[in-house]
Each structure stands twice: as structure tokens, then as C-alpha cells.
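[1] using only what follows, build the 3D model:
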Amino acid sequence: MENKPTREERRVAYAALSSKEKIQHDGKKLLKILDVVRKVLHVFAIISCVVGITFIAISACHKSMEIQEKTGIVEMVKGQGGIHVVSVLDGETITLEEDTPAGWDKFFMQIGVYCVMISVVIIIFMMITKFLKRIFSQVMNAETPFCEESKLPLRKIFVLLTIVIFFQDQMIGLICGFVFLYLYRLFAYGCELQVESDETL
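    Here you go, the predicted structure:
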């Protein structure tokens, strides 16, 4: 049975690698980490979405039951001024405000919407990890990190990050959007210089 190399031996072996070999070595680790992160995010997205839909359904059922308690067998017509509840038994019409009935139904609805929004954010981060994985794979296989194939995934990552930050804070989102745009143009310029360098060789 072969002995595993010690930490010092691994450090020396890593230091002896060339720059490209180091990139490939680190890239393989990052790809494994991204795979794990994406699987974890996938599980959390499913859980949060299911929980959100469940709470929204509970809120809808709770609201419907409270209206039926007040009017018996009813027909609900949503119009101006609120929800118009028409009793089939005596034809009497009751108009409720949009936020009526208050209580648990509103609380459940807020939790449900919040969970669904979390699942949307998680899905966005899953897409970001997918594009990062594509970029790392292309960098590992290419002679240079400035390759045309990485431009589109990088732009998608910057757009998704800007959207997430913008919904948290509009001002910071706009600033980050301009910063990401500038970084993308720098990367695109690096790709152009790489193409010119390759053509001159």
C-alpha cells in the first residue's frame, strides 16, 4: 500500500508546476467545488419553492374559509373597491377590502412569497455557477484565459449579479452594473490583444 504524500511534499510538488499546470490543477478543484455547490443550491431551491407554494396555498384556503364562514355559499367577484362576495342563498352582497380578512392568511402569504423569491435567487446563483464552470473548463483547456469562448458566459454572470444586487439596492446595483460593464470590456480587450498576438506568431 502506497503512502499518501505529506502536506510538505504536496506543497513542493505544486511549487514545481508551471503557471499553466497550476491553473489546471486549481481549476480541477474549483470545478469539483462548483459541482457540490450547484447540487446543494438545487436542493435548497426545490425546498424553498415547495415551502413557498405550500404557504401560499394555505393562505388561499384560509382566506376562502373565512369568507365562507361569513356568507355561507358564496360567489366571489373581484372588482373596484375590493372583493365583492355575493351570497347565493339570499342575494346579499358584501364588499371586503383587499386586505380582508387579516391575520394568518396574510402572514402565510408573506412567507410563501418570500420563499418563492428565495428560490428564484437560488436559481440565479445556480446559473452563475454553471457559467463559472464553463469559463473554468475553457480556461483549463486553452492556452490563455483570454479566449473568445469565455466572453459570453462572463457577460451573463455580470448581468445576473447586477440583477440580484439591483433588487437589494438600486443605487449599488447601478454602480455594480457599470463596474461589471467596464470589467467585461477590459476582458474583451484582452481577448482582442490575444488574437492579435496569436496572429503575429
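
[2] how far is the helix ranked longest in the chain from where the chain is centred?
    In the chain, ranked by residue count with DSSP state H as the criterion, the top helix is helix 19-71. Relative to the chain's own centre, helix 19-71 is displaced by 9 Å; criterion: CA atoms, centre = their mean, to the nearest Å.

[3] other SSEs contacting it?
    Under the contact definition 3 or more CB pairs under 8 Å, 6 or more residues apart in numbering; DSSP states H and E, helix 19-71 sits against strand 74-79, strand 82-87, strand 93-96, helix 104-141. C-beta here means a position set from N, CA and C on the backbone, and glycine is covered the same way.

[4] could you redo the last one with a cut-off of 6 Å?
    Helix 19-71 is packed against strand 82-87, helix 104-141, with contacts defined by 3 or more CB pairs under 6 Å, 6 or more residues apart in numbering; DSSP states H and E.

[5] format these as CSV; extra columns: mean neighbour count and distance to Thr200.
    Shown next, in CSV, are the helices and strands packed on helix 19-71 (neighbours: other CB atoms under 10 Å; distance: least, CB to CB, whole Å):
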stretch, mean neighbour count, distance to Thr200
strand 82-87, 16, 72
helix 104-141, 17, 22
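
[6] which one of the ones you listed has the lowest average pLDDT?
    Note on the helices and strands packed on helix 19-71: strand 82-87 shows the lowest mean pLDDT, a mean of 46.

[7] picking up where we left off before, tell me which of the helices and strands packed on helix 19-71 sits nearest to Lys32.
    Lys32 lies closest to helix 104-141 among these, at 10.2 Å (CB to CB).

[8] moving C-terminal of that closest one, what's the next helix or strand?
    helix 151-168 (DSSP states H and E).

[9] ok, for the residue positioned nearest the centre of the chain, nearest residue in space, not its chain neighbours?
    Nearest to the mean C-alpha position of the chain, counting by CA atoms, centre = their mean, stands Ile124 at 2.1 Å. The shortest distance from Ile124 to any non-neighbouring residue, by CB to CB, 6 or more residues apart in numbering, is to Leu160 (5.2 Å).

[10] I'd say that neighbour and Ile128 touch.
    Yes - contact status for Leu160 versus Ile128: in contact at 5.4 Å, counting by CB atoms under 6 Å.

[11] pop out the phi and psi values for Phe146.
    Backbone torsions of Phe146, given as degrees, to the nearest 10, read phi -90, psi 80.

[12] can you tell me which residues contact it?
    With contacts defined as CB atoms under 6 Å, 6 or more residues apart in numbering, Phe146 is in contact with Gly190, Cys191, Gln194.
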